[in-house]
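1. just to be clear, the model below is a prediction. Sequence and coordinates:
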Amino acid sequence: MLEEIYAQTKDHMEKSIEALKKDYKSLRTGKVNPNILDGVRVDYYGTPTELSQVGSVLSPDATTIVINPWEKNLLGPIDKALQAANIGVNPNNDGEVIKLFFPPMTVDQRQNTAKQAKVMTDNAKVAIRNIRQNSNTKVKNLLKDKEITDDESKRAQDEIQKITDSYVVKADETLKAKEKDILTV
């Protein structure tokens with residue numbers, strides 16, 4: 001029973017760390033990453049569709065993203081979607097592909113991006129603590145239903161706290177690595 005709660009706690013906390021890493025992909029570091037366009041949706045025959053589903057999205061160098069639509073009639077809708085997404089650069093449509101030219105990041109932009117990463121990490125820590133609270137509630141319910149003793153409840157809550165502490169440290173370590181990536185010129 002308690003082992004099951006521990007396993008669920010670890011699983012949910014691991015998912016929080018994975019979600020944090022996925023959120024980090026939307027941040028711009030020194031080299032542009034096509035993942036910053038993940039949220040962009042294009043009007044594809046009346047259906048909002050992910051940009052990656054209507055064309056190839058490549059990053060040939062550190063400051064450029066090239067979008068090559070599979071159907072040339074999608075250049076206009078892709079252009080509109082990129083302008084609406086407000087990603088900080090204007091799309092350049094040459095009739096064949098759309099190119100996005102990102103200027104090199106300034107020190108201020110890097111610091112702001114590092115702050116965004118910190119906010120994302122703090123949100124992940126809140127999620128981890130919420131998972132801890134849910135697990136502790138399950139343990140307390142087992143105690144209330146007299147399925148475990150007071151000592152077992154105390155040990156279980158201590159174990160859940162240890163698990164929580166280890167995942168908070170993991171979140172901090174991922175933040176340090178991401179900040180290093182962002183702030184390195």
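-> Happy to help now that I have it.
2. what about Lys31, how many residues nearby?
-> 12 (other C-beta atoms under 10 Å). Where C-beta positions appear, they are placed from N, C-alpha and C, glycine not excepted.
3. my read is it is in a helix, agree?
-> No. For Lys31, which was evaluated using DSSP: H, G, I helix; E, B strand; the rest coil, the result is coil, with no helix membership.
4. do I have it right that it meets Ser59?
-> Yes. In this structure, Lys31 sits in contact with Ser59. The criterion is C-beta atoms under 8 Å, and the distance is 7.3 Å.
5. which strands and helices sit next to the helix or strand in which Val168 is found?
-> In this structure, Val168 sits in helix 150-183 according to DSSP states H and E. Counting contacts by 3 or more C-beta pairs under 8 Å, 6 or more residues apart in numbering; DSSP states H and E, helix 150-183 packs against helix 2-24, helix 107-144.
6. which of those helices sits closest to Ile160?
-> For these, distance to Ile160 was read as C-beta to C-beta. The smallest value, 4.8 Å, belongs to helix 107-144.
7. which helix or which strand is home to the residue lying farthest from the centre of the chain?
-> Relative to the C-alpha centroid of the chain, counting by C-alpha atoms, centre = their mean, Lys146 is the outermost residue, at 40.7 Å. Element membership for Lys146, per DSSP H and E: none, as it lies in no helix or strand.
8. phi and psi next, for it.
-> When quoted as degrees, to the nearest 10, the phi and psi of Lys146 stand at phi 60, psi 30.
9. what sits against it?
-> When contacts are counted by C-beta atoms under 8 Å, 6 or more residues apart in numbering, Lys146 is found next to no other residue.
10. residue ranges with poor pLDDT in this protein?
-> Judged by pLDDT under 70, the chain has its weakly predicted residues at 185.
11. rewinding a little: switch the helices and strands packed on helix 150-183 over to CSV; also include mean neighbour count.
-> Supplementary listing: the helices and strands packed on helix 150-183 in CSV, determined by neighbours: other C-beta atoms under 10 Å:
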stretch, mean neighbour count
helix 2-24, 16
helix 107-144, 16
